[in-house]
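A.B. asks: What shape does this take:
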Amino acid sequence: MIKRVLYIALFGFSLFLPVSLFAQPTTIGLESPSLMKGTRPLGMGNAFIAVPGSDENAPFYNAASINDYEKKFHGRILSPVVDFSVGSIGLTKDIINLASDINNQATNEGKLNTFRTFVDAHSGQFEAVAVRMPIVQIQHQRFFFSTLLDSRNTFSFRNRAFTNIELQSRSDAGGVLGTAYNFKEMLGINQNVQAGINVKLLYRVNIERTITGADITNNASFGDILPINRSFGVGFDLGFKGDLPTFGLGWLDYLKPTAGFTWQDVGNTRFQGAVPDTQQSISVGFALNPVLAEKWEIHFANDFR
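C.D. replies: Below is the predicted model of the structure:
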């Protein structure tokens, strides 16, 4: 009973700290956007670039979405998002046991056999745990500010031919400042033509390593295999969004088509030392936003990255 409580406590502890137990590079791909994916966008297949922004996550998908907020200040405090695969709960317990089992072996052969048995038992698994939290956020049609905590921890056992565990942990804490503007009045048109920019100041704790049998035999303890790297970084996001022309067609007016374009982490969001940069990405999105009745909106969206 005590061990079970300990496993649950350790799993919960890993969710809410901007550091993690686990950090050779891996083949685990990065996600887009790199920060603050939200529940609503994830429920839409993560296609959110051209959708009208209405929640705290919208500016992280497209900085132009800042202009969709009301023209008055709104504040938010502690709005956490936690997502995890079900298998990650048991895997966290198993990895804790693995570290102890390897350290208890007196010979390299024993350590290696323990490691190989563990990897073979979990071969094919890909598990992830993430927590994202805008700690304090201020929203306005022309101004956006958010302090944040974003942590993602991934375990992969995908290579059956080469015994290894891929571990990737990236935790960011910092702030984002953004602004956006609608050019429709300047252009003398009725369609929205929005542009926005975000500036990101981040402190990153990163571990990215492929653990092999050689690591197990060449290190005195399991913990020595996992160096933690830390660094400050600065990045920028650019975003554009607007209404597509409907050419006076009633059915197209009803569908309210929109399009968006983003250039995220322009020139790469750069960190110092051994902490890897966040690679830049360009995305294009399209959406249809019909209103069925007052306050009843439907959004069909498709993004290309």
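
A.B. asks: Could you use CA atoms for every contact and neighbour count after this?
C.D. replies: Will do.

A.B. asks: shaky segments in this protein?
C.D. replies: 1-27, 30, 160 (pLDDT under 70).

A.B. asks: quick one: the helices in the protein?
C.D. replies: For the chain, the helices defined by DSSP state H cover 2-15, 39-43, 58-61, 87-103, 108-122, 184-187, 213-218, 250-255.

A.B. asks: how about TSV for those, with mean neighbour count and distance to Val136 added?
C.D. replies: Converted to TSV, the helices of the chain look like this (neighbours: other Cα atoms under 10 Å; distance: least, Cα to Cα, whole Å):
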stretch	mean neighbour count	distance to Val136
helix 2-15	13	19
helix 39-43	13	18
helix 58-61	28	15
helix 87-103	16	29
helix 108-122	16	39
helix 184-187	11	31
helix 213-218	16	41
helix 250-255	14	35
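
A.B. asks: For Pro52, which of those is the nearest?
C.D. replies: For Pro52, the closest of the helices of the chain is helix 58-61, at 8.2 Å, according to Cα to Cα.

A.B. asks: For stretch 290-305, C-alpha coordinates in CSV please.
C.D. replies: The C-alpha trace of stretch 290-305 is given here as CSV (Å, rounded to 0.1, in the frame of the first residue of the first chain):
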residue,chain,number,x,y,z
PRO,A,290,-21.1,29.3,-40.0
VAL,A,291,-23.5,30.5,-37.3
LEU,A,292,-26.5,28.2,-36.9
ALA,A,293,-28.3,30.4,-34.5
GLU,A,294,-27.4,33.2,-32.0
LYS,A,295,-24.4,32.1,-30.1
TRP,A,296,-24.3,28.7,-31.9
GLU,A,297,-21.1,28.6,-34.0
ILE,A,298,-19.5,25.7,-35.9
HIS,A,299,-15.9,25.7,-37.0
PHE,A,300,-14.4,23.5,-39.7
ALA,A,301,-10.7,23.9,-39.8
ASN,A,302,-7.7,22.5,-41.7
ASP,A,303,-4.0,23.4,-41.1
PHE,A,304,-0.9,22.6,-43.2
ARG,A,305,2.5,22.8,-41.4
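
A.B. asks: buried stuff in it?
C.D. replies: Using 16 or more other Cα atoms under 10 Å as the burial criterion, the residues of stretch 290-305 that qualify are Pro290, His299, Phe300, Ala301, Asn302, Asp303.
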